[in-house]
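Trainee: model this:
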Amino acid sequence: MTALTENTRPTLVDGMGRTIVNLRISVTDRCNFRCTYCMPADNVEFMPRDKLLTFEEITRIARIGAGMGIKRLRLTGGEPLMRKDLPTLISMLAMIEGIEDVAMTTNAFFLKEHAKALKEAGLKRLNISLDALDPEKFRDVNRRDCLKEVLEGMRISAEVGFKSIKVNAVAMKNFSETEILGLIEMGRSEGFEIRFIEFMPLDSDRNWKRDKVLFGHEILDLIRKKHELVPVENSLEIGPASEYDFADGKGRIGIITAVSNPFCDHCNRIRMTANGKLRTCLFSTDETDLKELIRGNASDEDIVKAIKDAVLVKEPGHKINLDDFEQPQRAMHAIGG
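Mentor: Below is the predicted model of the structure:
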């Protein structure tokens, strides 16, 4: 087999001319937290286990995607470490020709136990969801009292050799203002990049309102009261965050303005739910059922066509700021963060 190179690798391009290189894969909709912006406090209906893609099915889709131009994979949930034997899946994905990077988004609760195995399996990067360092505020947003375990998981992950650890903090009005500088100081001290994400309408309780969002420019104003920031050129062409280095050279932050200034023009990702539904946008109202194809004995060519057809009509952008915006029926935990 001829190895894929930048000259021989196919490209997956949508109808707007955007090249798709990232596939986000949800491995479960289950989570041990109940974050207010993601899940209800109780009575959550989870997907039946037999409806979830198997590791072999996930790997097949990732392999087909790699042959179409996908380079980077990110495992999400729910909490991905609620899925048993996850390092096995990571090792399967890391061996796919053409896949350059396998990353994971996690709440860090289980990292103390699993970080070493994840690293050895081939996981390269971690994004950790952490919205507050104040124990009471942590408990308010996560509905769990386990900040100590989260911080310990982060520490262990750094110790076992993860070089890229980013912290994702959802920015909410009248909540995040007092947490931002503390998170930044932790990041500067521990070598974590802190990324602030504007609160998006993906909560299952459907309580989102625009006036509950702490906007990117407000976050920057707060930070600049204490720190001088230097914008990183062309950061939006690489990922969803506008990035800034600290002028003193000690660290970097990212601001994801998903509501006030979306990065849709540069979007290079698609995502797959735990039950095998391909979504071309976090806010998609349409899905392509890849699980049905796989379990119906579809050929690789059939799956390639389904992916290409879906990507071709990938949304130009979400409609959060338009009158005809329709919140997805799935909440964040059922889509994959």
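Trainee: and the pLDDT at the closest residue to Ile180 other than its chain neighbours?
Mentor: In this structure, Ile180 finds its nearest non-sequential neighbour in Leu222, 5.4 Å apart by Cβ to Cβ, 6 or more residues apart in numbering. All C-beta spots, glycine's among them, are computed from the backbone N, C-alpha and C. Listed pLDDT for Leu222 reads 98.
Trainee: A strand includes Leu222, no?
Mentor: No - with DSSP: H, G, I helix; E, B strand; the rest coil as the criterion, Leu222 is assigned helix and is not in a strand.
Trainee: am I right that it is in contact with Glu179?
Mentor: No - at 10.2 Å, Leu222 does not count as touching Glu179 under the criterion of Cβ atoms under 8 Å.
Trainee: compare those two (neighbour count), which wins?
Mentor: The neighbour count for Leu222 versus Glu179, taken as other Cβ atoms under 10 Å, is higher for Glu179 (21 against 18).
Trainee: that one and Arg139, how far apart?
Mentor: 13 Å (Cβ to Cβ, to the nearest Å).
Trainee: quick one, what contacts Ala334?
Mentor: Contacts of Ala334 were listed using Cβ atoms under 8 Å, 6 or more residues apart in numbering, and they are Asp29, Met47, Thr273, Ala274.
Trainee: same check on Arg188?
Mentor: Phe246, Lys250, Gly251.
Trainee: which member of those residues is positioned nearest Leu12?
Mentor: Gly251 (33.9 Å; Cβ to Cβ).
Trainee: not counting residues beside it along the chain, what's closest to the closest one?
Mentor: Among residues not flanking Gly251 along the chain, Arg188 sits closest, at 4.2 Å (Cβ to Cβ, 6+ apart).
Trainee: surely Pro240 meets Asn261?
Mentor: No - assessed by Cβ under 8 Å, Pro240 is found out of contact with Asn261, at 11.0 Å.
Trainee: so where do the strands sit in this structure?
Mentor: For the chain, the strands defined by DSSP state E occupy 22-26, 72-76, 101-106, 125-129, 164-171, 193-198, 229-231, 242-246, 252-256, 269-272, 277-279, 288-289.
Trainee: kindly reformat the ones you listed as a markdown table containing distance to Asn321.
Mentor: Listed next are the strands of the chain as a markdown table, based on distance: least, Cβ to Cβ, whole Å:
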| stretch | distance to Asn321 |
| --- | --- |
| strand 22-26 | 23 |
| strand 72-76 | 25 |
| strand 101-106 | 25 |
| strand 125-129 | 25 |
| strand 164-171 | 17 |
| strand 193-198 | 12 |
| strand 229-231 | 23 |
| strand 242-246 | 17 |
| strand 252-256 | 15 |
| strand 269-272 | 20 |
| strand 277-279 | 20 |
| strand 288-289 | 26 |
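Trainee: and these: which comes nearest Gly296?
Mentor: Using Cβ to Cβ, the strands of the chain put strand 288-289 closest to Gly296, at 9.6 Å.
Trainee: for the closest one, what is the average pLDDT?
Mentor: Per-residue scores along strand 288-289 average to 98.
Trainee: go on, stretch 246-256?
Mentor: When pLDDT is averaged along stretch 246-256, the result is 97.
Trainee: what residues sit buried inside it?
Mentor: Phe246, Gly251, Arg252, Ile253, Gly254, Ile255, Ile256 (16 or more other Cβ atoms under 10 Å).
Trainee: Leu86 and Ile255, how far apart?
Mentor: Taking Cβ to Cβ, one finds Leu86 at 30 Å from Ile255.
Trainee: then Arg63?
Mentor: Distance, Arg63 to Ile255, by Cβ to Cβ: 35 Å.
Trainee: for Glu159, which non-adjacent residue is closest in space?
Mentor: Closest to Glu159 by Cβ to Cβ, 6+ apart is Ala115, at 8.0 Å.
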